[in-house]
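Undergrad: sequence? don't have it. structure:
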């Protein structure tokens, strides 16, 4: 198998879910905690553990090349409409001037982190496995960026922006 095709229904969702539309807005859903910091960051250690566990499972069915292909396809779909990143860009405009190198780096990192989540979510869907990344869909559907966790997964709650 040289490439894995993302199901058309998931491709449609990737093209249309409300990417970052609630970025920085108040949160009414008590299942998550709103990150109070002005500049959110990914809890890379926690996310790394989730990624490593899923990658180990995925490599039993897919090659590295196939997994990379899913990541490439996911990124290409998200990047078809870069205006979807505007809510995040507008949020950071309050803290940094246009063209500020720190701002550009933060926006790129958040965009890449979200695309990685979405690619791993796609891998779980292809494995027909409900897991951490498919559980994040609730927050992406709400226009949020989940990037931290309180407690031990699956217990606890996500931290979102």
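TA: Noted; the coordinates are in hand. Since the model is a prediction, treat every value here as computed from it, not as a measurement.

Undergrad: distance of the most centrally placed residue in the chain relative to residue 107?
TA: Nearest residue to the geometric centre of the chain (CA atoms, centre = their mean): residue 114, 2.7 Å. Noted for residue 114: a distance of 11 Å to residue 107, by CB to CB, to the nearest Å. Yep, even glycine has a C-beta here, placed from its N, CA and C like the rest.

Undergrad: likewise for residue 126?
TA: For residue 126 relative to residue 107 (CB to CB), the value is 29 Å.

Undergrad: which stretches of this structure form strands?
TA: Taking DSSP state E to define them, one finds strands in the chain at 33-34, 146-150, 157-160.

Undergrad: partner strands of the first one, parallel or antiparallel?
TA: Sheet pairing for strand 33-34, assigned by DSSP bridges, gives strand 157-160 (parallel).

Undergrad: same thing with the longest one?
TA: For strand 146-150, the pairing partners within the sheet under DSSP bridges are strand 157-160 (antiparallel).

Undergrad: got a list of contacts for the strand it pairs with?
TA: 27, 31-35, 43, 136, 139, 142, 144-151 (CB atoms under 8 Å, 6 or more residues apart in numbering).

Undergrad: what of stretch 124-133?
TA: Contact partners of stretch 124-133, identified using CB under 8 Å, 6+ apart, comprise 4, 6-7, 10, 50, 53-54, 57-58, 61-62, 70, 117, 120-121, 123, 134, 153-154.

Undergrad: now with 10 Å, please.
TA: By CB atoms under 10 Å, 6 or more residues apart in numbering, the residues outside stretch 124-133 that reach it are 4-7, 9-10, 13, 46-47, 49-51, 53-54, 57-58, 60-62, 66-67, 70, 116-123, 134-137, 140, 146, 149, 153-154, 158.

Undergrad: and what of stretch 101-108?
TA: The contact list for stretch 101-108 (CB under 10 Å, 6+ apart) reads 39-41, 85, 88-89, 91-93, 95-98, 100.

Undergrad: for it, buried residues please.
TA: When burial is assessed from 16 or more other CB atoms under 10 Å, stretch 101-108 yields the following buried residues: 103, 106, 107.
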